[in-house]
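>>> Kindly return the folded structure for what I paste below:
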Amino acid sequence: MASEPTALAVAVTERDHVRGKFDAPLTLLEYGDYECPYCGRASPILNELRVHLGDRLRFIFRHFPQNSVHPHASVAAQAAESAGAQGNFWEMHDLLFEHQDDLANADLDHYALRIGLEIYQFETDMSSGRFAKRVRDDAESGEASGVKGTPTFFINDKRYTGPLDLGALKAALEDAWRTS
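All right, here's what the predicted structure looks like:
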C-alpha cells in the first residue's frame, strides 16, 4: 500500500490568496471549507498566529469544499473568489467564517453588499459559475497533496499533523522558523 503524500503537491504562486508578505520566510497554507465547523474554530487561531508572527508569516487559503456534507461550501468558495476579483477576497473570507451557518444565496448577496462589492458583477459571477473551475482546481491540488478533510494545514510545504490549537500551531511554526 502506498503511503499518503506529506508534502504540498502544488507550489504557492501569485494565483494564491496570500495574507502577509508574499516572500515571508514562513508559510502556513490551509485547505478549508467555509461550512466546516472545524475550519470555523480554527479561523480565530489563525488570526492570532498572524498577529504573533507578523511579517515572518504568509498565510494562504485554498478551497477544499466538502460538498457531500456541506451543501453551501462550493458556492461560498465561489463567492469568495468573486469578491477576490473585486479586490475583497479576505473581507468575504472572514465574513463567510463569521456567518458559516448562513450561506444561502441571499446571505452571500448581503455579504457582497456589506463589503462594498459591485453587486451586479457579483451576481453575474455567481449565476454564471465563473469561479467554479478555480474552486475545483484548488480542491484537486489538495487531493494531489493527500488532503481528505478540512482543515488541513501545510507549514512550509509539509503537512502539519499536530493538534489544531494555538500553542501547538505556534510551536510548529516557530520550529519551522528555527530550522529554515
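>>> C-alpha from now on. contacts and neighbour counts both.
OK.
>>> partner residues bridging the residue positioned nearest the centre of the chain?
Centre of the chain computed as the mean C-alpha position; nearest residue by CA atoms, centre = their mean is residue 61, 2.7 Å away. Bridge pairing for residue 61 (DSSP bridges) gives the partners residue 17, residue 30.
>>> Any stretches of this structure with poor pLDDT?
1-3 (pLDDT under 70).
>>> show me where it has strands.
Taking DSSP state E as the test, the strands found in the chain are 17-19, 26-32, 57-63, 152-155, 158-160.
>>> Which strands and helices lie in contact with the third one?
Judged by 3 or more CA pairs under 8 Å, 6 or more residues apart in numbering; DSSP states H and E, the packing partners of strand 57-63 are strand 17-19, strand 26-32, helix 37-53, helix 132-144.
>>> got the buried residues for the longest one?
Neighbour-count burial for helix 37-53, with 16 or more other CA atoms under 10 Å as criterion, is recorded at 39-40, 42-43, 45-46, 49-50.
>>> and residue 30, what does it touch?
59-62, 151-154 (CA atoms under 8 Å, 6 or more residues apart in numbering).
>>> can I get these in a markdown table with distance to residue 71?
As requested, those are exported to a markdown table (distance: CA to CA, whole Å):
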| residue | distance to residue 71 |
| --- | --- |
| 59 | 26 |
| 60 | 23 |
| 61 | 20 |
| 62 | 18 |
| 151 | 17 |
| 152 | 19 |
| 153 | 22 |
| 154 | 25 |
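>>> Thanks a lot, catch you later.
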